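Chemist: let me see the structure of the following:
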Amino acid sequence: MRHYTILLLLTLMILQASLSHSEAEAEALFSAAPRDEDGRFTNPSGDLTHGTFSVRFPFIMRRMGTYFRSAEDAPSRVLNDGKFLRENARHSKPTVTWIGHATLLVQVEHVTFLTDPTWSNRPSPVPVFGPKRFVEPGLAFDDLPEIDFVLISHNHYDHLDLPTLNSLAKRNTETVFFVPLGNGDLLRGEGITNVQELDWGQTATFKGTTIHCLPSQHWSKRSLTDDRKALWSSWAVTGDERRFYFAGDTGYFPGFEEIGRKLGPFDLAAVPIGAYEPRAMMRESHMNPEEAVRAARDLRAKKALGIHFGTFDLSDEPLAEPPLRFRSAAGDTAFGAVGAWVLRVGETREF
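Modeler: Numbering: from 1, shown residues only. Model prediction:
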């Protein structure tokens, strides 16, 4: 009997050690975001380069001339009055709607959320000089369904649009705003209090879904002196039936493969495909379409959705180029002709 007791105790000890190890592994799936010696956030590969002055200055001058750039090749827009989305909020068929740029409305696992919501015409510290919107938002703000939560990737003005966030907070005080570390005070300073800040690797739960704050390769800046004081991130929302990934704004980096290995496969991955020219300036912080396809493959995504192109005048590539190159690059992969999605602004698609 004594031998059986000892055997039972040893079995329980091994089982407990195994469970503790698994819990520790779950907490350590991803490392916290690195910081430099000044305490500012950085990337695993170190600080990014943004090209030489001889590259950056002419680029800025070209942006000053965007008032005269034609919107002829901008993405097409379809009418969407939001009726289906408001009704679907109760049943939650897994759908994604492209509002424009990096703004998506996602309904999945009986929750409705927005990514980097931007309804402003010129998101900029000086709106009169900011990049103009070529295509109106795919859904009028007043036609939105109730929004459960919002995901913010970083603090650049075309991704963290305070006027839009203020309107969302006033529209529904229960909407939760998930932001990377260091961005909470910006929202709270505007009276938005329902904010949760997460570091890379941290998670939150919301009505049966798990929200994962994940690495990306980018940077942050909102004024002359706040470079990298706030964190940037990508996000995943996972549940019992679907797994969704939002890359935000990022250059291509090995982290995609790690995310795919640890959290994939994803049913849908939204990846940025625009704002990549000039390459000498954009290479490390923005993917081109071929890199976006590679990232979606690394993520083990079943479907890849191209975003972050054609809505605002942000870079030098022709407006029509990103989706053409994205589809072409995907055509030689398992995504083929049907697995790489390019939506019209306002279009809703089930996934």
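Chemist: gap between the closest residue to Arg325 other than its chain neighbours and Gly339?
Modeler: The shortest distance from Arg325 to any non-neighbouring residue, by Cβ to Cβ, 6 or more residues apart in numbering, is to Pro289 (3.7 Å). Just so you know, the C-beta spots here come from the backbone N, C-alpha and C atoms, and that holds for glycine as well. Computed as Cβ to Cβ, to the nearest Å, the Pro289 to Gly339 distance reads 14 Å.
Chemist: among those two, which residue is more densely surrounded?
Modeler: More crowded of Pro289 and Gly339, by other Cβ atoms under 10 Å: Pro289, with 26 against 16.
Chemist: which ones are touching the more buried one?
Modeler: Contact analysis of Pro289 by Cβ atoms under 8 Å, 6 or more residues apart in numbering lists 273, 276, 306, 322-323, 325-326, 328-329.
Chemist: give the buried residues for stretch 284-292.
Modeler: Within stretch 284-292, the residues that count as buried by 16 or more other Cβ atoms under 10 Å are 284-292.
Chemist: no wait, stretch 161-178
Modeler: Buried residues in stretch 161-178, counting neighbours by 16+ other Cβ under 10 Å, are found at 161-162, 164-165, 168-169, 175-178.
Chemist: ok, stretch 84-95 next?
Modeler: 85, 88-89, 92, 94-95.
Chemist: I'd like the average pLDDT over it.
Modeler: Averaging pLDDT along stretch 84-95 gives 90.
Chemist: sorry, back to before: now do the residue nearest to Arg325 against Pro131, distance only.
Modeler: 20 Å.
Chemist: distance from the chain centre to stretch 342-351, please.
Modeler: Relative to its parent chain, stretch 342-351 has a centroid offset of 16 Å by Cα atoms, centre = their mean, to the nearest Å.
Chemist: quick one: mean pLDDT over it.
Modeler: 98.
Chemist: name the nearest of the contacts of Pro289 relative to Glu350.
Modeler: Gly306 (17.4 Å; Cβ to Cβ).
Chemist: quick check on that closest one: phi, psi?
Modeler: Dihedral pair for Gly306: phi -80, psi 130, per degrees, to the nearest 10.
Chemist: hmm, back to that, which one of the buried residues of stretch 284-292 is nearest to Gly191?
Modeler: For the buried residues of stretch 284-292, the residue nearest Gly191 by Cβ to Cβ is Ser285; the value is 31.0 Å.
Chemist: center of this structure, which residue is that?
Modeler: By Cα atoms, centre = their mean, the chain has its centre lying nearest to Gly248, at 2.5 Å.
Chemist: distance check, it against Ala89.
Modeler: Distance of Gly248 to Ala89, given as Cβ to Cβ: 24 Å.
Chemist: spit out the contact partners of Leu29.
Modeler: Counting by Cβ under 8 Å, 6+ apart, Leu29 makes contact with 201, 262-263.
Chemist: do that again at 6 Å, thanks
Modeler: Shown in contact with Leu29 (Cβ atoms under 6 Å, 6 or more residues apart in numbering): Lys262.
Chemist: what about it, which SS state?
Modeler: Classification of Leu29 using DSSP: H, G, I helix; E, B strand; the rest coil returns coil.
Chemist: for Asp142, same thing?
Modeler: What three-state DSSP gives for Asp142 is helix.
Chemist: that one - how many residues pack around it?
Modeler: Other residues close to Asp142 by other Cβ under 10 Å number 8.
Chemist: let's number from 296 now, not from 1
Modeler: Yep, numbering from 296; the last one is Asp437 now.
Chemist: how about the strands in this structure?
Modeler: Under the criterion DSSP state E, the chain carries strands at the ranges 390-395, 398-403, 406-410, 444-446, 471-475, 490-493, 498-501, 504-509, 529-533, 538-541, 563-567, 599-602, 635-636, 643-645.
Chemist: and the angle from the third one to strand 398-403?
Modeler: Spelled out, it's strand 406-410. Per axes from the mean of the first three to the mean of the last three Cα atoms, to 10 degrees, the angle that strand 406-410 makes with strand 398-403 is 160 degrees.
Chemist: kindly export strand 406-410 (C-alpha atoms) in CSV.
Modeler: Below are the C-alpha coordinates for strand 406-410, written out as CSV (Å, rounded to 0.1, in the frame of the first residue of the first chain):
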residue,chain,number,x,y,z
VAL,A,406,-18.5,40.6,-30.8
THR,A,407,-18.1,43.6,-33.0
PHE,A,408,-14.9,45.6,-33.1
LEU,A,409,-13.0,48.2,-35.1
THR,A,410,-9.3,48.3,-36.0
